[in-house]
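let me see the structure of the following:
(chains A and B)
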There are 2 protein chains.
Amino acid sequence: MKDQDPQALMSEEEIIRLAQSLAGESSDGLFVGIGDDAAVLNLAGSEFCVTTDLMVEGVHFDMSYTSPRDLGIKAMAANLSDLAAMGALPRWGFLSLGLPRPPSRRVVESVFGGVMEMCRKYGLILAGGDTVGAPQLLINLCLIGAAEKRAPVLRTGARPGDAVCVTGVLGSAAAGLAWLGSGGAVDDEDAAWAVAAHLRPEPRVTAGRVLAQSGRVHSMMDLSDGLATDLARLCEASQVMARVDEKRLPLATQASALAEKLGAGALEWALTGGEDFELLFTCAPGDVELLNELVADSQPELGVSRVGEIGKGRGVHLRRADGNEQEITLKGFDHFREAPST
Amino acid sequence: MKDQDPQALMSEEEIIRLAQSLAGESSDGLFVGIGDDAAVLNLAGSEFCVTTDLMVEGVHFDMSYTSPRDLGIKAMAANLSDLAAMGALPRWGFLSLGLPRPPSRRVVESVFGGVMEMCRKYGLILAGGDTVGAPQLLINLCLIGAAEKRAPVLRTGARPGDAVCVTGVLGSAAAGLAWLGSGGAVDDEDAAWAVAAHLRPEPRVTAGRVLAQSGRVHSMMDLSDGLATDLARLCEASQVMARVDEKRLPLATQASALAEKLGAGALEWALTGGEDFELLFTCAPGDVELLNELVADSQPELGVSRVGEIGKGRGVHLRRADGNEQEITLKGFDHFREAPST
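Residues are numbered from 1 along each chain as shown, chains lettered A, B, ... in the order given. Take a look at the predicted model:
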């Protein structure tokens, strides 16, 4: 790290690098440690993926928009998305809950209700946890998934010449957050769709497993902090650069409609908005069509879009619609740089 | 649960029962779910124990007493103590850290430093985690341990006629917290010892493994919320009652000395103080001496004290020094009933 001043402030990327430098190297049954979507452990001869995510009221969610049930759903979705990005089968969940005192039965039952809804939907067992008093709502989940067959798929496998692909559409969650923040009424289909994408995202667990088991995916991660930031992380992990075509980005039509009403930019939402929880992956260009079919077969209405390509070098470049190129590396959400937009 | 009013407030015990009622029953590779010190999972034919604990600034620790390094140490100790209570061998850790923005390098490096010190000391690998912005310091750990040989030892195995035993001495951590809260200077050995017990507790990982592997321990848990509360939980899990002899309780001599200076009660600290992180277990009365020797062999200066016995019935009773008996069930720290004493 450049700056060793103990009073210095740290960015999220610096903290992750610090953790990587301090924590265990791959050894003793640990195949992938800090720096991918989930750790990969070899337990008794089989590989398991483990991920953990902490969400804090006022930082990651606003209880004036988010019901306690939706909070349980979203926290599960964020963690399931990390397992999806490895291609792992979700198995067990551990829930830590911080509750303002005194906790009301309605809030507790609702958060648990959301968590359990996702456990049932994705086949997990809630196996343990901790509940404590706290000044605001806090939710930490730690999920364990099984890495079957060709899983896990890591961030480190992108190669020059790979196609860069995403599942689904982009910008929906950021559009929903912006709409809620503007005080807009949720009275038309576009707004309802975007707000649902923000509050109750759908992790791509099935698509992630199908992509991993195809054996055709070279690298994969989930889109939690926006395409610009997350693709830059994938490129750094793989020591490559990426070029993304603006014209190829699958912007959610609902996001474009809301962007127009708000005078905002759907492209910006797709690149930097975060929380779309779609999958970002790379593969040989000739495999994109096959992978699109496999994903669509496993989940109707979900497709794969080829949005760019991997090259030699560093960073992420955006080829604008007018043909100009600009670097867009690390433009997404840094958990320490600023508060979310609402 | 008795009270189904959605506006009703919930105690910690009620929340645990709610989680138990909603979460997975023993099935699909889950042998022990919510309600013991750690969950027990069967992964690929071997048993693993998983525990998670969330600590919140202002609730579980006070940064005017606790250095960031001590916070890392204590959070690890609390989680390691849960694995110790199963007799498990600690293997992997997952750290979620909430940091006030902007985080300083000193705080971040110190918390990690404390966590890594404990990882090295107890042989864990820090395999993953999450760092986020938060209004106050938050630390969640999820630890995975291997249940070897006769482990895990559960809370459910206590039988009428068992001896009730504890490792080490009691009341130290509560004495240290009370001393810090009184503004007392840490300038003599008693105060330094008690404050260290509060800030940097030593989880009984080796003793827990030795006890489990002896095959002579019927039930075990760790003392995190005080003997009264924790023994009541063990009795409830085993459907038995316990009688504890005041005269047999191994009060820390340092706690007794500080109690005298503060006009407080060392017995109260031992019963309700919490965070001693000693092990509480039951066994046949004839095995106490053997287990004491095994524990002392594995860790010099650590012993086992027989403090009471298990009987038929419910609840925990204290036989006072004057021969009178009183029920002391659930007198310890309820995370939602009140703030800690400082």
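
which one is A:Ala163 nearest to, not counting chain neighbours?
In this structure, A:Ala163 finds its nearest non-sequential neighbour in A:Pro285, 4.4 Å apart by Cβ to Cβ, 6 or more residues apart in numbering or on different chains. Backbone N, C-alpha and C define where each C-beta goes, glycine included.

same thing with A:Arg101?
In this structure, A:Arg101 finds its nearest non-sequential neighbour in A:Gly133, 4.4 Å apart by Cβ to Cβ, 6+ apart.

so the one you found sits right up against B:Leu9, yeah?
No - at 11.6 Å, A:Gly133 does not count as touching B:Leu9 under the criterion of Cβ atoms under 8 Å.

please say which of those two ends up with more neighbours.
Legend: neighbour count by other Cβ atoms under 10 Å in any protein chain shown for A:Gly133 and B:Leu9, higher for A:Gly133 (22 against 15).

which residues does that one form a beta bridge with?
On the basis of DSSP bridges, A:Gly133 is bridged to A:Leu99.

okay, strands next: where are they in chain A?
Assigned by DSSP state E, the strands in chain A fall at A:30-32, A:39-43, A:46-56, A:89-99, A:125-133, A:138-146, A:163-167, A:217-222, A:241-245, A:279-283, A:304-311, A:316-319, A:325-327.

quick one, the fifth one and strand B:138-146 angle?
To tie it back to what came earlier, the one meant is strand A:125-133. 140 degrees (axes from the mean of the first three to the mean of the last three Cα atoms, to 10 degrees).

what's strand A:125-133 packed up against?
For strand A:125-133, the contact count by 3 or more Cβ pairs under 8 Å, 6 or more residues apart in numbering or on different chains; DSSP states H and E identifies strand A:89-99, helix A:105-122, helix B:12-22, strand B:39-43, strand B:46-56 as packing neighbours.

mind checking pLDDT for the closest residue to A:Met76 other than its chain neighbours?
Of all residues not flanking A:Met76 in the chain, A:Met118 sits nearest, at 3.6 Å (Cβ to Cβ, 6+ apart). pLDDT recorded at A:Met118 is 96.

residues in the stretch 101-250 of chain A within reach of chain B, list them.
When proximity is defined by Cβ under 8 Å from any Cβ of the partner chain, the stretch 101-250 of chain A lies next to chain B at A:101-106, A:108-109, A:112-113, A:116, A:119, A:125-136, A:138, A:140, A:142, A:144.

A:Glu117 and A:Val132, how far apart?
Applying Cβ to Cβ, to the nearest Å, the value for A:Glu117 to A:Val132 is 23 Å.

settle it for me: which of these two has more neighbours?
Neighbours per residue (other Cβ under 10 Å) separate A:Glu117 from A:Val132, with A:Val132 holding more: 21 against 15.

right, and that one touches A:Leu95 too?
No - here A:Val132 does not reach A:Leu95: they are 11.8 Å apart, not a contact under Cβ under 8 Å.

give me the number of residues near A:Gly323?
By other Cβ under 10 Å, 7 other residues sit near A:Gly323.

type out the ChimeraX command that picks the buried ones from the residues of the stretch 101-250 of chain A next to chain B.
Applying 16 or more other Cβ atoms under 10 Å in any protein chain shown to these, the buried members can be selected in ChimeraX as follows:
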select /A:103,104,105,108,109,112,116,119,125,126,127,128,129,130,131,132,133,134,135,136,138,140,142,144
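
about what we covered before: now the strands of chain A as a markdown table including mean pLDDT?
Output for those, formatted as a markdown table (pLDDT from 0 to 100):
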| stretch | mean pLDDT |
| --- | --- |
| strand A:30-32 | 65 |
| strand A:39-43 | 84 |
| strand A:46-56 | 92 |
| strand A:89-99 | 94 |
| strand A:125-133 | 90 |
| strand A:138-146 | 95 |
| strand A:163-167 | 98 |
| strand A:217-222 | 97 |
| strand A:241-245 | 96 |
| strand A:279-283 | 98 |
| strand A:304-311 | 98 |
| strand A:316-319 | 94 |
| strand A:325-327 | 88 |
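
nearest to B:Asn324, out of these?
strand A:125-133 (34.4 Å; Cβ to Cβ).

what about the residue nearest to A:Met76, neighbour count?
24.

distance-wise, check it relative to A:Pro203.
From A:Met118 to A:Pro203 the distance is 8 Å (Cβ to Cβ).

now do the shared contacts for those two.
A:76-77, A:80 (Cβ atoms under 8 Å, 6 or more residues apart in numbering or on different chains).

out of those, which comes closest to B:Trp193?
Distances from B:Trp193 to the shared contacts of A:Met118 and A:Pro203, taken by Cβ to Cβ, are shortest for A:Met76, at 44.0 Å.

for the closest one, what are its contacts?
By Cβ under 8 Å, 6+ apart, the residues touching A:Met76 are A:93, A:114-115, A:118-119, A:122, A:141, A:203.

how about a cut-off of 7 Å?
A:115, A:118, A:141 (Cβ atoms under 7 Å, 6 or more residues apart in numbering or on different chains).

now do A:Ala255
Contacts for A:Ala255 were tallied using Cβ under 7 Å, 6+ apart; they are A:171-172, A:175, A:194, A:266, A:269.

any chance of those residues in JSON lines, plus pLDDT?
Shown next, in JSON lines, are the contacts of A:Ala255 (pLDDT from 0 to 100):
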{"residue": "A:Gly171", "pLDDT": "96"}
{"residue": "A:Ser172", "pLDDT": "95"}
{"residue": "A:Ala175", "pLDDT": "96"}
{"residue": "A:Ala194", "pLDDT": "95"}
{"residue": "A:Ala266", "pLDDT": "93"}
{"residue": "A:Trp269", "pLDDT": "94"}
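
and which of the residues you listed is nearest to A:Val307?
For the contacts of A:Ala255, the nearest to A:Val307 is A:Gly171 (12.6 Å; Cβ to Cβ).

count of residues packed around A:Asp187?
Based on other Cβ under 10 Å, the number of other residues close to A:Asp187 is 7.

can you add distance to A:Thr229 and give the strands of chain A back as CSV?
Shown next, in CSV, are the strands of chain A (distance: least, Cβ to Cβ, whole Å):
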stretch, distance to A:Thr229
strand A:30-32, 20
strand A:39-43, 21
strand A:46-56, 16
strand A:89-99, 25
strand A:125-133, 30
strand A:138-146, 22
strand A:163-167, 14
strand A:217-222, 11
strand A:241-245, 12
strand A:279-283, 11
strand A:304-311, 15
strand A:316-319, 9
strand A:325-327, 13
